[in-house]
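Enquirer: What follows is a predicted structure for the sequence shown.
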Amino acid sequence: MKTKKHIHLLATAALLALAACTQDETAIPTGETHATLPYGEYPLQISGVTLDAESSAEPWSAEEPQTRVAENENGTGSVWQWNGTETIGVRLGNETATYTLNADKNLITDRQLYWTSTAPTTVTAWYPTDETVNLSDQSNGLVYVLKATAENATYNNEITLGFKHQLAKVRVVLSGTQASLAQSVEVYGYTTCTNNEGAPIAGDTQDWIKMKHTTYTDGTECWEANVVPDDITPTNFIRINGQTATINESFPTTLASGNMYTIDLTVGEVITEITAENNSPISDDGYYRVSDIFNQQINITGGKPTIYLENANISVSSGNAISVTGNASPTIHVVGEGNTVSSDNGAGIYVAQGCSVTITGRSREEDELTATGRKGGAGIGSYSTSDGTNYSCGNIIISNVTLTARSEGFVGVGDYAAGIGSAGVGTVESISISDATIYAQGSGDNYNMGAAAIGGGVDGSSSNIQTAFDITISNSTIHATRGYSQASYIGAGGLNVTKPAGYNIISTARITDSHVYDESGNEITQ
């Protein structure tokens, strides 16, 4: 577990420029340092508001209390949300007033404040105007206490008030194989505080505070809450799904206002990021992740590694994008939507004979993968080469995911591949699909030959067609597009000179509680 040192980060939330009326100077009596001003003649005026950060990319809900201030795009500062109901308190001398920050950025006060002396004084402002601030549940938005102070302000000079955070911000960043399983993260602290004109005074009760789960535009996914500055106990400060987490002993034991404290926690096993610099054959049982654009082949040559695809776009110009060889049995975890694996001349995911691959997600509603093979390569399965070699594929297991697998184009003399399965006359050990939504497309020429959507391919230089398949489909929806009218949707490829047995779905396929649709949307059966 890695704990970052705290950094001063919560920047000024807003600047309020307050200016006095430009009236004639008032004479100071002889022997005095200041003069008394007639009450009601020198009003305190707020001339405008400026912001020191851009508007938040994710405004908090207007229905939630105390969430009219929002974080900026990466959570390193805060900005006002001008919604027409925001209020701040202002003190001048012994009098206070409430100002409303309207949506048109005009400030309206409930009562006018007046300068009564030429003597320098301190003008303060605070947010929110509530006397008691509830911090117990911030799952829908952070709670703020802000204060601005202008010292030595005078009635005849423009003054500027810069709001600053009076709470401390705690950010928890989770990593590891079980990070996605976190349903709640909480921080221990005071559940309420008294807002003494911007100075938070801790309440009487400490308990677990619910944190907000958010993802910023820079990709930072984290849990956050603002807490009353105080001493903490690191061994009883953060808990995940109701279980206390251990943080580094070097973490500060005193939290200061206006600071953000980042805690990095590993939940489960450590995941190694695969990068262009460290991309080497994988042959162990470790945990790895690919994210963002990646233009290199990933070779899995042994072991039972777990590979996470999270916002991954793996694309290669030749060879197989992911290659599974050497009796390897990897599990590929699909996380989120938009993951792609493709090759311009090979399989999207090649599974050699004697190997197996498990492709899975949390659910078909949450996780999505598109695998594309070209020029004789299957989306998931095997591939053919330009010299006429047809490689067979091993075991393919797919579950809890929405998967698009397609083969495009051919290599050699009409060697076509299935969307999921073999290429050419290569064999397939087994294909198992459960609790998934599949869009599978085999390649073909629509005139003479083509591959099945799921199952076998075809070799244009040979009249042989694989006819035996071990295919199991349960609790799934299949949208199948075959590469040629004589090919099957699930089963064998087809040639105009050597037709398969005349079926849409191979009779030996074990299909339960599932629906299979052709390219026109018609449901087909065995």
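Expert: Noted; the coordinates are in hand. Numbers count the residues shown, from 1 in each chain.
Enquirer: Quick one: neighbours of Y503, just the number.
Expert: For Y503, the tally of surrounding residues (other CB atoms under 10 Å) stands at 15. Backbone N, C-alpha and C define where each C-beta goes, glycine included.
Enquirer: Model confidence score at it, please.
Expert: pLDDT, Y503: 86.
Enquirer: ok, for it, nearest residue in space, not its chain neighbours?
Expert: S488 (5.7 Å; CB to CB, 6 or more residues apart in numbering).
Enquirer: burial count for that neighbour?
Expert: 29.
Enquirer: same thing with G258?
Expert: Here the number of neighbours of G258 (other CB under 10 Å) works out to 17.
Enquirer: try S432
Expert: The burial count assigned to S432 is 17, neighbours taken as other CB under 10 Å.
Enquirer: was I right about the residue nearest to Y503 contacting G494?
Expert: Yes: S488 lies in contact with G494 (CB atoms under 8 Å); the separation is 7.1 Å.
Enquirer: Correct me if wrong: T437 contacts S363.
Expert: No: between T437 and S363 there is no contact under CB under 8 Å: 10.2 Å.
Enquirer: Looking at those two, which is more packed in?
Expert: Between T437 and S363, counted using other CB under 10 Å, T437 has the larger neighbour count: 16 against 12.
Enquirer: What values do phi and psi take at the more buried one?
Expert: T437 adopts backbone torsions of phi -110, psi 120, taken as degrees, to the nearest 10.
Enquirer: pLDDT wise, what is it at?
Expert: pLDDT, T437: 98.
Enquirer: which ones are touching it?
Expert: T437 makes contact with R364, V401, T402, L403, S476, T477, H479 under the criterion CB atoms under 8 Å, 6 or more residues apart in numbering.
Enquirer: From D207, how far out is the first one?
Expert: Looking back up the chat, that one is R364. Distance, R364 to D207, by CB to CB, to the nearest Å: 38 Å.
Enquirer: Can you work out which residues contact both of T437 and S363?
Expert: Listed as contacting both T437 and S363 by CB under 8 Å, 6+ apart are V401.
Enquirer: Who has more neighbours out of R364 and D207?
Expert: R364 (19 against 12).
Enquirer: separation between the more buried one and G379?
Expert: R364 sits 17 Å away from G379, going by CB to CB.
Enquirer: on that earlier part again, by pLDDT, rank the contacts of T437 and give me the bottom one.
Expert: On pLDDT alone, R364 ranks lowest of the contacts of T437, at 94.
Enquirer: give me the element it is part of.
Expert: Following DSSP states H and E, one finds R364 outside all helices and strands.
Enquirer: List the buried residues of the longest strand belonging to the chain.
Expert: In terms of residue count, the longest strand belonging to the chain (DSSP state E) is strand 306-316. Within strand 306-316, the residues that count as buried by 16 or more other CB atoms under 10 Å are T306, I307, Y308, L309, E310, A312, N313, I314, S315, V316.
Enquirer: now stretch 429-436
Expert: Residues of stretch 429-436 classed as buried: E429, I431, S432, I433, S434, D435, A436 (neighbour count, 16+ other CB under 10 Å).
Enquirer: Just the ones of those in strands?
Expert: Cross-referencing those against strands under DSSP E gives E429, I431, S432, I433, S434.
Enquirer: can I get the residues you listed in TSV with pLDDT and distance to Q296?
Expert: TSV is the format used below for those (pLDDT from 0 to 100; distance: CB to CB, whole Å):
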residue	pLDDT	distance to Q296
E429	97	27
I431	98	27
S432	98	29
I433	98	29
S434	98	31
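Enquirer: For those, name the two members farthest from one another.
Expert: For those, the farthest-apart pair by CB to CB is E429 and S434; their separation is 17.1 Å.
Enquirer: part of a helix, is the residue nearest to Y503?
Expert: No: looking at S488 with DSSP: H, G, I helix; E, B strand; the rest coil, it is coil, so not inside a helix.
Enquirer: so who does it touch?
Expert: Taking CB under 8 Å, 6+ apart as the contact definition, S488 lies against A452, G455, R482, G494, P500, Y503, N504, I505, I506.
Enquirer: Just the buried residues of those residues.
Expert: Neighbour-count burial (16+ other CB under 10 Å) is assigned, among the contacts of S488, to A452, G455, R482, G494, P500, N504, I505, I506.
Enquirer: check contacts around V413.
Expert: G388, D459, G460, S461.
Enquirer: pretty sure the last one is touching G414, no?
Expert: Spelled out, that is S461. Yes: counting by CB under 8 Å, S461 touches G414, with 7.2 Å between them.
Enquirer: more neighbours, those two?
Expert: Comparing S461 with G414 by other CB under 10 Å, the one with more neighbours is G414, at 21 against 13.
Enquirer: Measure how buried I240 is and give me the count.
Expert: Other residues within reach of I240, judged by other CB under 10 Å, total 20.
Enquirer: from memory it sits against V185, does it?
Expert: Yes: counting by CB under 8 Å, V185 is a contact partner of I240 at 5.4 Å.
Enquirer: joint contacts of these two?
Expert: Counting by CB under 8 Å, 6+ apart, the residues touching both I240 and V185 are L174.
Enquirer: Please, where are all the helices along the stretch 1-150 of the chain?
Expert: In the stretch 1-150 of the chain, no helices are defined using DSSP state H, counting those that start in this stretch.
Enquirer: Apologies, that question was intended for the stretch 201-350 of the chain.
Expert: Going by DSSP H, counting those that start in this stretch, the stretch 201-350 of the chain shows no helices.
Enquirer: Next one: L369 from G361, what distance?
Expert: For L369, the distance to G361 equals 8 Å [CB to CB].
Enquirer: Please apply the same query to I263.
Expert: According to CB to CB, I263 stands 28 Å off from G361.
Enquirer: Just want to know which of L369 and G361 has more residues nearby.
Expert: Neighbours were counted for L369 and for G361 using other CB under 10 Å; L369 has more, 28 against 25.
Enquirer: hang on, isn't that one packed against I398?
Expert: No: here L369 does not reach I398: they are 9.4 Å apart, not a contact under CB under 8 Å.
Enquirer: shared neighbours, these two?
Expert: Residues touching both L369 and I398 (CB under 8 Å, 6+ apart): I359.
Enquirer: Most neighbours out of the contacts of T437, which is it?
Expert: Among those, the one with the most neighbours (other CB under 10 Å) is L403, at 28 neighbours.
Enquirer: Now do the SS call for that residue.
Expert: L403, by the three-state scheme (three-state DSSP), is strand.
Enquirer: quick one: low-confidence parts of the chain?
Expert: Within the chain, the stretches with pLDDT under 70 are 1-33, 45-70, 72-74, 76-83, 103-106, 463, 498-502.
Enquirer: Tell me how many other residues crowd A378.
Expert: By the criterion of other CB under 10 Å, A378 has 40 neighbours.
Enquirer: Next, the contact list for the closest residue to T154 other than its chain neighbours, please.
Expert: Leaving out its chain neighbours, the residue that sits closest to T154 by CB to CB, 6+ apart is P120, at 5.3 Å. Residues in contact with P120 (CB under 8 Å, 6+ apart) are N152, A153, T154.
Enquirer: Repeat the analysis, applying 10 Å as the threshold.
Expert: T33, H34, E151, N152, A153, T154, Y155, N157 (CB atoms under 10 Å, 6 or more residues apart in numbering).
Enquirer: what's the spacing between the fifth one and T124?
Expert: Spatial separation of A153 from T124 under the definition CB to CB is 10 Å.
Enquirer: Same check on the last one?
Expert: Between N157 and T124 the distance is 17 Å, computed by CB to CB.
Enquirer: between these two, who's got more neighbours?
Expert: Using other CB under 10 Å, the more surrounded residue of N157 and T124 is T124, with 20 against 11.
Enquirer: from memory the more buried one sits against R91, does it?
Expert: Yes: contact criterion CB atoms under 10 Å: T124 and R91 qualify, at 4.8 Å.
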